[in-house]
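S.K.: One predicted model, sequence on top.
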Amino acid sequence: MRLTKVRTAGRRGEVASESTATDTAADRDGEKQAAYRDLFAIREYRFVFAAKTQSDFGDYLARVALTFLVFGRSHSPALAAAAYSITYFPWVFAPLLSVLADRRPRRTVMVVCDAARTVLYGSLAIPGMPVAGLFAVVLVAAGFAVPFETSRSALLPDILPGDRYVLASGLGAAATQVSQLAGFAAGGMIVLAVHPTGALLIDAATFAVSALSVWSGVCHRPAAAGVESTGRGLRAAAGAMAAGARYVFRQPVLRTYLVLMWASCLFVYAFEGQAASLATQLRGGPRLGGLILAAAPAGVAIGSIALTRLLAPRRRVRLVLPLAFTACAVQTVLWTSPGPAIVVLVFFAVGLSGVYSSILNPLFVRAVDPQFRGRAMGVAVAGINLAQGIAAITAGILARAVGPADALAWFGLIGSCVPLLVLPLWRRR
């Protein structure tokens, strides 16, 4: 854990200096459990939370609106699907884009990213824009999500001391799932009421509100000290990115955390791409497919709050490996050919057990030196998105051979071995 001491200068609350120290494991185990009132008592966090919620809702609303807009102009289901999936593409370049989170003041990066997304998503409402233009604008706009998220993740440990940061991680995971459900649900109604272009203007407004929240509620802090490359241009950014990647992969503890993070996306959430085929196999149709997709986010939302609110810090950490094992192992129930109700419960349990990432994420960030936080998060999220892509492709290939239920059961069996493999490193961390 990092304990940050800051000296505030001037009425604008600008941070003049910052120093960090690393606690011992005994100090961390003795943390006082935080409550939500402790979390929201911190003014900066209230504004960051509001900004994150606005941005998440805007992201999911934009995906719905773009799908309808592209389909309406092209009448192509393939292009409509591509408009949805293209928003994930820039995350592959997260290690490079996240350099900004360490080389520039993090509050400034967040404000600039949201301001840019306000303009870009607003421009999508221009009548007559060709489909190719829509794709180009969406790709650039989605790219600004990467430095925003890595800057926010790197900033939170400076704002939230002790167990408040862990509690915020759990609350953030739950809020993201709620924003996803609300964005998708409201997106359809908003598109119906005001047309996709009107929905995109509302989306642009959410990013404007987010930018104002960060600018008005978060104190200015200087850029992280000690960044190896302070020059400009792609070469300098690539040098800083490489230094960050070397730092992460040379640390055995960080490598252990990354393996568990990436295994979660590779083996736990492979079902997302197979929800439709699994529902068809069970003769449940789109309704069952929607329930399967909604079950895991519901489990994550409930489990994230319960885990961080009801259990003491030491007990939470002890549950990381058991939960990582359970999140995968429970999928082997699919080998028994269960009915639709049991399948939905299985994936609710997957989400409920998958909340170990709410503990793993703060452990990872706290173990990183502050000057590398942004780039470390960039490495982590790039691997997450790569793992999700590999999982979707591999599960699809395997499902063609053995069926979606058996394919996901195999994923669960293999994934349950990962916590056992990292157990020796986990004990030594």
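M.R.: Thanks, I have it.
S.K.: So which residues of the stretch 51-200 of the chain form helices?
M.R.: Here the stretch 51-200 of the chain has its helices, by DSSP state H, counting those that start in this stretch, at 77-85, 94-97, 100-103, 106-123, 131-143, 145-159, 163-217.
S.K.: hmm, who's touching stretch 358-367?
M.R.: Contact with stretch 358-367 is made by 1-2, 153-154, 156-157, 165-166, 169-170, 173, 251, 253-254, 257-258, 260-261, 303-304, 307-308, 316-317, 319-320, 373, 376-377, 380, as judged by CB atoms under 8 Å, 6 or more residues apart in numbering. Where C-beta positions appear, they are placed from N, C-alpha and C, glycine not excepted.
S.K.: Quick one: buried ones out of those residues?
M.R.: The neighbour-count test (16 or more other CB atoms under 10 Å) applied to the contacts of stretch 358-367 identifies 1-2, 153-154, 156-157, 165-166, 169-170, 173, 251, 254, 257-258, 260-261, 303-304, 307-308, 316-317, 319-320, 373, 376-377, 380 as buried.
S.K.: Which among the helices of the stretch 51-200 of the chain is found nearest to Ala294?
M.R.: The closest of those to Ala294 is helix 163-217. By CB to CB, the value is 7.0 Å.
S.K.: What helices and strands are in contact with that closest one?
M.R.: helix 36-40, helix 43-74, helix 106-123, helix 145-159, helix 285-310, helix 313-318, helix 356-366 (3 or more CB pairs under 8 Å, 6 or more residues apart in numbering; DSSP states H and E).
S.K.: mind redoing it with 10 Å?
M.R.: Applying 3 or more CB pairs under 10 Å, 6 or more residues apart in numbering; DSSP states H and E, we find helix 163-217 packed against helix 36-40, helix 43-74, helix 106-123, helix 131-143, helix 145-159, helix 285-310, helix 313-318, helix 356-366.
S.K.: Least confident of these, on average?
M.R.: Per-stretch averages of pLDDT across the helices and strands packed on helix 163-217 put helix 285-310 at the bottom, with a mean of 79.
S.K.: So which bits of that one are buried?
M.R.: Within helix 285-310, the residues that qualify as buried are 288-289, 291-305, 307-308, counting by 16+ other CB under 10 Å.
S.K.: now swap in stretch 335-353 and tell me
M.R.: Buried residues in stretch 335-353, counted by 16+ other CB under 10 Å: Pro340, Val343, Val344, Leu345, Val346, Phe347, Phe348, Ala349, Val350, Gly351, Leu352, Ser353.
S.K.: Go through the helices and strands packed on helix 163-217 and name the closest to Phe89.
M.R.: Comparing these by CB to CB, helix 131-143 comes nearest, at 6.7 Å.
S.K.: That closest one - contacts with which helices or strands?
M.R.: Here helix 131-143 touches helix 43-74, helix 77-85, helix 106-123, helix 163-217, going by 3+ CB pairs under 10 Å, 6+ apart.
S.K.: Any idea which of these gets closest to Ser98?
M.R.: helix 106-123 (9.8 Å).
S.K.: Contact partners for the nearest residue to Leu311 once chain neighbours are set aside?
M.R.: Once flanking residues are discounted, Leu311 sits nearest to Leu319: 7.3 Å by CB to CB, 6 or more residues apart in numbering. For Leu319, the contact set (CB atoms under 10 Å, 6 or more residues apart in numbering) comprises Leu307, Leu311, Thr326, Ser353, Val355, Tyr356, Ile359.
S.K.: before we move on, the earlier item: which stretch among the helices and strands packed on helix 163-217 comes nearest Ala245?
M.R.: Closest to Ala245 of these is helix 145-159 (CB to CB; 13.7 Å).
S.K.: Please tell me how far Gln388 sits from Arg287.
M.R.: 25 Å (CB to CB, to the nearest Å).
S.K.: can you check Arg235 too?
M.R.: Distance from Arg235 to Arg287, by CB to CB: 53 Å.
S.K.: Same question for Arg373.
M.R.: With distances taken as CB to CB, Arg373 is found 43 Å from Arg287.
S.K.: tell me the phi and psi of Pro161?
M.R.: Main-chain dihedrals, Pro161, degrees, to the nearest 10: phi -80, psi 150.
S.K.: any idea how far it is from Arg366?
M.R.: Distance, Pro161 to Arg366, using CB to CB: 11 Å.
S.K.: wait, isn't Asp59 in contact with Ala65?
M.R.: No - taking contacts as CB atoms under 10 Å, Asp59 lies outside contact range of Ala65: 11.0 Å.
S.K.: In terms of packing, which of those two has more residues around it?
M.R.: Counted by other CB atoms under 10 Å, Asp59 and Ala65 do not tie: Ala65 has more neighbours, with 28 against 22.
S.K.: who's in contact with the more buried one?
M.R.: By CB under 10 Å, 6+ apart, Ala65 lies in contact with 83, 121, 124-125, 187-188, 190-191, 194-203.
S.K.: let's see it at 7 Å
M.R.: By CB atoms under 7 Å, 6 or more residues apart in numbering, the contact set of Ala65 is Gly187, Val191, Pro196, Ala199, Leu200, Asp203.
S.K.: Which of those residues sits closest to Ala41?
M.R.: Checking those against Ala41 with CB to CB, the nearest one is Asp203 at 31.3 Å.
S.K.: how close does that closest one get to Leu69?
M.R.: Asp203 sits at a distance of 11 Å from Leu69 (criterion: CB to CB).
S.K.: now the stretch 251-400 of the chain, which segments are flagged as low pLDDT?
M.R.: 273, 286 (pLDDT under 70).
S.K.: So among the contacts of Leu319, which ones count as buried?
M.R.: Neighbour-count burial (16+ other CB under 10 Å) is assigned, among the contacts of Leu319, to Leu307, Thr326, Ser353, Val355, Tyr356, Ile359.
S.K.: For these, give me JSON lines that also has distance to Pro105.
M.R.: As requested, the buried ones among the contacts of Leu319 are exported to JSON lines (distance: CB to CB, whole Å):
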{"residue": "Leu307", "distance to Pro105": "33"}
{"residue": "Thr326", "distance to Pro105": "41"}
{"residue": "Ser353", "distance to Pro105": "38"}
{"residue": "Val355", "distance to Pro105": "32"}
{"residue": "Tyr356", "distance to Pro105": "32"}
{"residue": "Ile359", "distance to Pro105": "29"}
